[in-house]
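>>> Make a model of this:
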Amino acid sequence: MQDLMVYRDSGSRTVDKYLMSHEGRVIAVRRHPAVLLPPLLAVVGGLVLCGFVATLGNLMWIWWLWLVTIGYLVWKVIAWSVEFFLVTEHRVMVISGVLNRNVAMMPLSKVTDIALERSLGGRLLGYGEFVMESAGQKQALRNVGFMPYPEQLYLEVSGVIFGAEEESPD
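I've put the predicted structure just below:
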């Protein structure tokens with residue numbers, strides 16, 4: 001199983017090709033696998049529904065419809081595997097998309113605040129949502145959901161964005 005968090009020295013061509021020549025990767029992370037729960041529930045629900053319809057109406061062709069939900073799940077797993085939340089010394093990015101790649105970016109200098117929000121489901125399953133405020137207009141990277149290791153990642157991202165102090169204030 002692949003690790004969700006990738007650090008500076010790990011080689012990932014998916015991420016590296018979006019970096020400028022003078023910047024290094026600080027944090028790269030995939031979204032939490034809980035993002036795959038809706039398609040997984042669609043497959044299970046489709047299995048139950050198709051099984052019920054097939055036995056009730058003796059319609060064996062209904063199983064072809066279930067294959068559509070399996071295809072949807074496979075597509076979502078592929079999309080999840082190529083999507084990254086990335087923080088460098090200069091910017092924050094979300095790289096997504098299988099056929100059409102989308103790169104949403106915000107310079108670190110524009111980030112004025114970052115908040116961590118955790119729903120009940122997020123606390124139970126271990127994910128959170130980052131809400132980033134920026135100076136200026138509405139940015140493409142305001143909400144980034146399904147972040148794994150939310151407290152640890154929040155502290156690391158905050159340290160990169162706002163600078164980590166070397167000494168404690170004592």
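>>> what about V68, is that helix, strand or coil?
helix (DSSP: H, G, I helix; E, B strand; the rest coil).
>>> what residues are up against it?
By CB atoms under 8 Å, 6 or more residues apart in numbering, V68 lies in contact with G46. All C-beta atoms are positioned from the backbone trio N, CA, C, and that covers glycine.
>>> ok, now A54?
Applying CB under 8 Å, 6+ apart, one finds that A54 lies in contact with 60, 62-63.
>>> Just the buried ones from those, in PyMOL syntax?
Buried residues within the contacts of A54, by 16 or more other CB atoms under 10 Å, are selected in PyMOL with:
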select buried, resi 62
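>>> Check the burial of L155 by counting its neighbours.
If you count neighbours by other CB atoms under 10 Å, L155 ends up with 13.
>>> again, but for the one 4 residues further on
Residues within reach of G159, counting by other CB under 10 Å, total 14.
>>> how much space is there between it and A140?
23 Å (CB to CB, to the nearest Å).
>>> related to what we said a few turns ago, among the contacts of A54, name the ones in strands.
Judged by DSSP state E, strands contain none of these.
>>> so which of the contacts of A54 comes closest to V92?
Checking the contacts of A54 against V92 with CB to CB, the nearest one is W63 at 44.5 Å.
>>> Neighbours of the closest residue in space to the closest one that isn't next to it in sequence, how many?
Excluding its sequence neighbours, the residue lying closest to W63 (CB to CB, 6 or more residues apart in numbering) is C50, at 5.7 Å. When counting by other CB under 10 Å, one arrives at 20 neighbours for C50.
>>> now the most centrally placed residue in the chain, what's its secondary structure?
The residue lying closest to the centre of the chain (CA atoms, centre = their mean) is R31, at 2.6 Å. For R31, the reduced secondary structure class is coil; criterion used: three-state DSSP.
>>> Now it: closest residue in space, sequence neighbours ignored.
The shortest distance from R31 to any residue that is not its chain neighbour, by CB to CB, 6+ apart, is 4.1 Å, and that residue is F146.
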